[in-house]
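Colleague: Could you work out the structure for the sequence below:
(2 chains, ligands or ions: 3)
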Amino acid sequence: MAMDPVLLSRVQFAFVVAFHIIFPTFTIGLSAYIAVLGALWVRTGQDRFHQLMRFWTRIFAVSFAMGVVSGIVMSYQFGTNWSHFSHVVGNVVGPLIGYEVLTAFFLEATFLGVLLFGFDRVPPWLYVLSGFFVAGGTAFSAFWILSANSWMQTPAGFVMKDGVAFPTDWLAVIFNPSFPYRFTHMVNAAYLTTGFVVLAVGARYLLAGRHVEVSRTMLRMAIGLVVILAPLQLFLGDQHGLNTLENQPIKVAAMEAHWDSNEAGVPFEIFAWPNEKTESNDYSLSVPHGASLLLTHSWDGKFKGLKSVPPQDRPPVPIVFFAFRIMVGLGLFMIAAAFVGAFLWWRGTMFETRWYLWIMSQCWWIGFIAVICGWITTEVGRQPWVVDGVLRTADAASPVPGDSVITTLILFVLAYATVFSFGIYYINRLIHRGPEEPTETSEGLAGAAMAAAHHTTARSLPRHS
Amino acid sequence: MDWYLPVIWAGLIGTAVAMYVILDGFDLGVGILFPFAANERQRDQMMRSVAPFWDGNETWLVLGGGGLWVAFPLAYSIIMPALYIPVIVMLLALVFRGVAFEFRTVSRSKTWLNVAFTVGSGLAAFAQGVILGGLIQGIKVTNGAFSGGPLDWATWFCLLCGLAMIAGYGLLGATWLTMKTEGPVSLRARHQAKVLLAAVLVFMAAVSIWTPLVDPRILARWLTLPNFYFLWPVPVVTAVVAYFCWRWLENGREVPPFLAAIALFLLGYLGLVISNFPYLVPPSLTVWETAAAPASQIFMLLGTLVLLPMILGYIAFVYWLFRGKVAEGESYH
Ligand code: HDD
Ligand code: HEM
Ligand code: HEM
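Modeller: Ligands and ions are numbered 1, 2, ... in the order given. Next comes the predicted model:
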């Protein structure tokens, strides 16, 4: 039986990109956190910041490696599996990826070497600056790749000639209509996700009574961050949704499982089973007029429903609908968790409230799930188009037979499952091992530098260089 | 108009690929030589000699692939599906060897990670050779799209190129270790380099004889007059460089053998360019036929002219920062 290469390529792309995005989400946030810790250390000279910086840098190294290798896979996917896409929009999307390589990838990859191995070779300020370069690199990377992705959602600044896109206005291409929203929402998502990981690790240590001093620092920094960013994410997401309503109304209709354009006062479905056959929602539990209020800011506002386009032009509704709800649900949970934490902090009992610490120590993964669900909403929601209104997914694939794709898909699943399991296991081991406690020699910056340069762990030998 | 833009871009991508082959070549080579180390301490030392650099080195692969897409989207969209399986095998091999660097610092038992590092490095090198071979032997194109079969690359010629690549990267790795390490690792690498140098010469000769036989176009390129007058120095210089590489290895020199190995690679590369220019997708499509819109090439060129010197600058800084030899037992992190 010959299998459909397009469907297989979609599954493969979805799998490798969903795997990849886990690591950028964490490394964008963590590199910024490490840079901030470094800056605090250089400014205050306090050892706890340095301890935390070294600790998180080790975890960063493991995650970054997985981000890099899965990213290299991504950059070749366009050619191997979506060659027609590469040809049709290469003139426009290609340079955006090209700029990503030149402004971001070299920067982060090169200075990572300094961050990991340069501690005893460069002065502290340069060491910390390398941290900032790495963090900057990851943010530039997000800038360009999200510009490319947003252009595929809301293409602008180009003309079609002989079936190929030609750029006419680069600023319009880069700053296409959905880009500012997607960029801020995604970068904020990365910081939030990392904030909850740091929070979970700090809570885990406090519950076990280990590393108390640095754990309190982690908790304070994390709560301080998420109490601002979690509500901000709600605001950014809302703005993003309004922008999508303008540019990709059918995607929003799928997110809300909204069928009929003429309906006034559209309810917000808290839960429902969107039924694509009857073109209505089963088992619906909804807030009357909710969606109208959210999206049109009026009680009886109308917006486009799914029935306004023929079924073959609609995305798979249930996937979009549920992915969106999981993301928003987790977003609301994050806001609640942040506020409770801030309240306990204000009461002065945050470090002793064990039930709160326990819940938070279990919640390290929520950001990752929210990010993946967000991307599923975005990507599945724009189907059947790969470049909205320009190129259909079905026309974008490579002339590669289904047998080849199923083979590589199986290989990817096996390889990534192995790498991922070991990666998680090793990161967990690093967390279990914990930050190194300060040694007697560590007084101030110079002492800390000496201590780190000559530190001895159980199995690694002292360095002499 | 704009006939020169594609040529500039062909030059830039050629440079990126050459940078990749040399830089990632030596760290893949270190992976290929990994099993020959006597113990874990020596393996730590070998890995430490490349650990600060590998990630930056591999980025040239992204620039090569990405650059091909930016500047020659049509070529990219033909070559990648044509070599689908070797490309994906290469990527997966790079996944395993890449994570081995970091996992190895955390893991208690190193055996499986050593296997991942060695097999990943060797397989990546082999796949790259197959990709090269697949390009040289030509890609079937109809109406601007790949029209061959999924296993067109599975030929004896590609197999030969794959093995040649393993030997070549092994040579780069061995001369790198000769230069960058001390003690028994450096000594062993020096011996390995000699064996590998001999192997590389055999492979180069085999490929050079076979290529013109595969394709009369290439035969004509080298053996017609007046081309021959300009081209005969290429093999001669190659022989001279190989001789000096050997001498320097014999005489206990440390840096020159590595430079000579690089020069050998560049000469082989030059030979390929001579054989195939201006074809980007041999034997049918040239750099002009596959070029991106001039607006895209110019937009990217402006950025490249500013950014590439900066990149080269900070890469040079990092190599300078980690100058000197790595001692035995020197772990990483
Ligand atoms: C929002 C951010 C983001 C998104 C949506 C993506 N990436 Fe990514 N990528 C990064 C953010 C990032 C990063 C933060 O810069 C990484 C992740 C971890 C890392 O090591 O660098 C990275 C690494 C990374 C690398 C390796 C860079 C190196 O050698 O250092 C490549 C080639 C890509 N990515 C390519 C892609 C492609 C082709 C994507 C889309 C299909 C993609 N990334 C989605
Ligand atoms: C990083 C987070 C991302 C995730 C989790 C993600 C997820 C997905 C998913 C689930 C699909 C399959 C949709 C379907 O076939 O129903 C898809 C398709 C696709 N996405 Fe994304 N995506 C991400 C980012 C990007 C970016 C940054 C780009 C481009 C620059 C991109 C380009 C594509 C392309 C080319 C396809 C294939 C065509 C298709 O199947 O729609 N994606 N992605
Ligand atoms: C709190 C309420 C939230 C709202 C109202 C919201 C809203 C949205 C909307 C409307 C989209 C789809 C945009 C489109 O493609 O048209 C989206 C996408 C996305 N969301 Fe959210 N979001 C929320 C929370 C979160 C959280 C907590 C995270 C992760 C920590 C997150 C991560 C993402 C990501 C990664 C995407 C895909 C990229 C993009 O299109 O921006 N969101 N969000």
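
Colleague: Now do the SS call for residue A:386.
Modeller: strand (DSSP: H, G, I helix; E, B strand; the rest coil).

Colleague: any idea how far it is from ligand 3?
Modeller: To ligand 3, residue A:386 is 14 Å away according to CB to the nearest ligand atom, to the nearest Å. In this view, the C-beta of every residue, glycine as well, is placed from N, C-alpha and C.

Colleague: which ones are touching that residue?
Modeller: A:82, A:85, A:152, A:392, A:393, A:396 (CB atoms under 8 Å, 6 or more residues apart in numbering or on different chains).

Colleague: Mark which of those residues are buried, thanks.
Modeller: A:82, A:85, A:152, A:393, A:396 (16 or more other CB atoms under 10 Å in any protein chain shown).

Colleague: so what's the last one scoring on pLDDT?
Modeller: pLDDT for residue A:396: 81.

Colleague: Same question for the one 5 residues further on.
Modeller: According to the per-residue confidence, residue A:401 scores 79 in pLDDT.

Colleague: That one against residue A:4, yeah?
Modeller: No - Residue A:401 is beyond contact range of residue A:4, at 10.5 Å (criterion: CB atoms under 8 Å).

Colleague: Of those two, which one has the most company?
Modeller: residue A:401 (17 against 12; other CB atoms under 10 Å in any protein chain shown).

Colleague: Quick check: nearest residue in space to the more buried one, chain neighbours excluded?
Modeller: residue B:150 (5.5 Å; CB to CB, 6 or more residues apart in numbering or on different chains).

Colleague: longest helix of chain A?
Modeller: Longest helix in chain A, counting residues (DSSP state H): helix A:5-44.

Colleague: Now the helix or strand following that one: average pLDDT?
Modeller: Following helix A:5-44 in sequence order, the next helix or strand is helix A:47-81 (DSSP states H and E). Averaged over helix A:47-81, pLDDT sits at 89.

Colleague: Flag every residue of chain A that's near ligand 2.
Modeller: Residues of chain A that fall close to ligand 2, judged by CB under 6 Å from any ligand atom: A:10, A:13-14, A:17-18, A:21, A:82, A:85, A:145, A:148-149, A:152, A:372, A:375-376, A:379-380, A:383, A:386, A:393, A:396.

Colleague: How far does stretch A:342-362 stretch from one end to the other?
Modeller: By CA to CA, to the nearest Å, the extent of stretch A:342-362 from end to end equals 18 Å.

Colleague: Residue A:390 is in contact with residue A:160, isn't it?
Modeller: Yes - in this structure, residue A:390 is within contact of residue A:160 by CB under 8 Å, at 7.1 Å.

Colleague: Identify the residue of the stretch 101-250 of chain A closest to ligand 1, quick one.
Modeller: residue A:141 (3.1 Å; CB to the nearest ligand atom).

Colleague: Report the angle between whichever helix or strand residue A:139 is part of and helix A:47-81.
Modeller: In the assignment (DSSP H and E), residue A:139 maps to helix A:124-153. With axes from the mean of the first three to the mean of the last three CA atoms, to 10 degrees defining the directions, helix A:124-153 sits at 30 degrees from helix A:47-81.

Colleague: Against which helices or strands is the helix or strand where residue B:41 lies packed?
Modeller: For residue B:41, the host element (DSSP H and E) is helix B:40-50. Using 3 or more CB pairs under 8 Å, 6 or more residues apart in numbering or on different chains; DSSP states H and E, the elements in contact with helix B:40-50 are helix B:4-32, helix B:156-180, helix B:184-214.

Colleague: Tell me the buried residues in the longest one?
Modeller: The one in question is helix B:184-214. Neighbour-count burial for helix B:184-214 [16+ other CB under 10 Å]: B:185-186, B:188-190, B:192-194, B:196-197, B:199-201, B:203-204, B:207-208, B:210-212, B:214.

Colleague: The next helix-or-strand element following the helix holding residue A:139 pairs with which strands, and in what direction?
Modeller: Next helix or strand after helix A:124-153 toward the C-terminus (DSSP H and E): strand A:158-161. Using DSSP bridges, the strands paired with strand A:158-161 in its sheet are strand A:164-167 (antiparallel).

Colleague: Now the element after the strand it pairs with, going C-ward?
Modeller: helix A:170-174.

Colleague: Which strands and helices lie in contact with that following helix?
Modeller: Packed against helix A:170-174 by the contact rule (3+ CB pairs under 8 Å, 6+ apart) you find helix A:83-100, helix A:124-153.

Colleague: Now tabulate these in a markdown table and tack on distance to residue B:173.
Modeller: Putting the helices and strands packed on helix A:170-174 into a markdown table (distance: least, CB to CB, whole Å) gives the following:
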| stretch | distance to residue B:173 |
| --- | --- |
| helix A:83-100 | 30 |
| helix A:124-153 | 27 |
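
Colleague: any idea which of those is most buried?
Modeller: helix A:83-100 (a mean of 26; mean count of other CB atoms under 10 Å in any protein chain shown).

Colleague: Pick out the residue of the stretch 101-250 of chain B closest to ligand 1.
Modeller: For the stretch 101-250 of chain B, CB to the nearest ligand atom, closest residue to ligand 1: residue B:102, 10.9 Å.

Colleague: so what's the closest residue to that residue other than its chain neighbours up against?
Modeller: Computed as CB to CB, 6+ apart, the closest residue to residue B:102 that is not its neighbour in sequence is residue A:65, at 4.1 Å. Residues in contact with residue A:65 (CB under 8 Å, 6+ apart) are B:55, B:98, B:99, B:101, B:102, B:103.

Colleague: Relative to chain B, how far out is residue A:437?
Modeller: Separation of residue A:437 from chain B (CB to the nearest CB, to the nearest Å) stands at 18 Å.

Colleague: does that residue count as helix, strand or coil?
Modeller: coil.

Colleague: and it, what is it in contact with?
Modeller: Residues in contact with residue A:437, defined by CB under 8 Å, 6+ apart, are A:51, A:211.

Colleague: How about residue A:316?
Modeller: A:254, A:276, A:380, A:383.

Colleague: Quick check: it vs residue A:380, distance?
Modeller: Distance of residue A:316 to residue A:380, given as CB to CB, to the nearest Å: 6 Å.

Colleague: Then residue A:62?
Modeller: Using CB to CB, we find residue A:62 at a distance of 30 Å from residue A:380.

Colleague: Comparing these two, which shows the higher neighbour count?
Modeller: residue A:62 (23 against 20).

Colleague: shaky segments in chain A?
Modeller: A:1-2, A:438-465 (pLDDT under 70).

Colleague: Close to chain A: what parts of the stretch 151-300 of chain B are there?
Modeller: Applying CB under 8 Å from any CB of the partner chain, one finds that the stretch 151-300 of chain B approaches chain A through B:292, B:293, B:295, B:296, B:299, B:300.

Colleague: Contacts only, for residue 323.
Modeller: The chain I'm using is chain A. A:373, A:374, A:376, A:377, A:380.
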